[in-house]
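Undergrad: This is the structure alone, sequence omitted:
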């Protein structure tokens with residue numbers, strides 16, 4: 001009999017266990033799109049318990065972004081609300097061990113502490129996401145592709161590597177939830 005079925009008893013609630021995660025996202029934003037990360041903790045049920053966000057984008061809006069095709073533009077690593085409200089076209093979530101999460105946090109702190117410049121060919125949002133992905137042990141594709149293409153390539157590269165790993169080897173991290181894949185991508 002359940003505790004709640006017993007007279008005067010309360011249902012026993014299991015303590016929530018937290019797992020860390022990082023989710024690499026491509027959001028709808030003009031021709032290129034925009035990549036950023038969501039990170040934090042997920043509950044044992046798989047739903048985010050805590051979510052934080054980071055990206056790199058040029059200061060000054062559209063005009064500065066256009067100038068960033070020619071010269072480096074001062075950038076920020078805190079997403080603006082407008083970014084977080086954009087439709088997520090592609091996403092790839094990985095659960096992380098405590099050590100991997102600490103590596104993510106240390107890398108993010110280093111990126112935020114450095115003087116950061118955004119340039120479409122030198123250091124853009126894909127480069128930022130790739131830097132975070134490498135910090136947690138992932139392989140990364142070339143960053144010179146549209147974000148709409150970059151996130152699926154990141155997913156394929158790392159899930160193919162996991163699938164090819166010998167079955168007798170222990171997993172590098174806890175089992176992963178199914179990646180989020182949203183279609184269709186803009187033409």
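TA: Arrived safely, thanks for sending. The model shown is predicted, which means the values in this text are computed figures rather than measured ones. Numbering: from 1, shown residues only.

Undergrad: Shouldn't residue 84 be within a helix?
TA: Yes. Counting by DSSP: H, G, I helix; E, B strand; the rest coil, residue 84 is located in a helix.

Undergrad: helix, strand or coil for the residue nearest to it when sequence neighbours are not counted?
TA: Of all residues not flanking residue 84 in the chain, residue 53 sits nearest, at 6.2 Å (Cβ to Cβ, 6 or more residues apart in numbering). Just so you know, the C-beta spots here come from the backbone N, C-alpha and C atoms, and that holds for glycine as well. Following three-state DSSP, the label given to residue 53 is strand.

Undergrad: Hmm, residue 86 and residue 53 touching each other?
TA: No. Applying Cβ atoms under 8 Å as the test, residue 53 and residue 86 come out as separate, 11.8 Å apart.

Undergrad: tally of neighbours for residue 159?
TA: When neighbours are counted by other Cβ atoms under 10 Å, residue 159 registers 14.

Undergrad: secondary structure element for it?
TA: helix 147-164 (DSSP states H and E).

Undergrad: buried set for that helix?
TA: For helix 147-164, the neighbour count (16 or more other Cβ atoms under 10 Å) marks 147-155, 158 as buried.

Undergrad: what's the most distant pair in the residues you listed?
TA: Using Cβ to Cβ, the buried residues of helix 147-164 span at most 17.8 Å, a distance reached by 148 and 158.

Undergrad: so can I have TSV of the buried residues of helix 147-164 showing pLDDT and distance to residue 77?
TA: As requested, these are arranged in TSV below (pLDDT from 0 to 100; distance: Cβ to Cβ, whole Å):
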residue	pLDDT	distance to residue 77
147	93	16
148	92	21
149	95	23
150	97	18
151	97	18
152	96	24
153	97	23
154	97	19
155	97	23
158	95	23
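
Undergrad: pretty sure residue 87 contacts residue 29?
TA: No. Applying Cβ under 8 Å, one finds residue 87 not in contact with residue 29, separated by 9.3 Å.

Undergrad: With neighbour numbers in mind, choose between these two.
TA: In this view residue 87 and residue 29 are compared by other Cβ under 10 Å, and residue 29 has more residues nearby, 20 against 10.

Undergrad: how about that one, phi and psi?
TA: phi -160, psi 90 (degrees, to the nearest 10).

Undergrad: got the contact list for it?
TA: The contact partners of residue 29, taken as Cβ atoms under 8 Å, 6 or more residues apart in numbering, are 83, 86, 147.

Undergrad: closest to residue 116 among those residues?
TA: Distances from residue 116 to the contacts of residue 29, taken by Cβ to Cβ, are shortest for residue 83, at 16.0 Å.

Undergrad: ok, now how distant is that closest one from residue 96?
TA: 23 Å (Cβ to Cβ, to the nearest Å).
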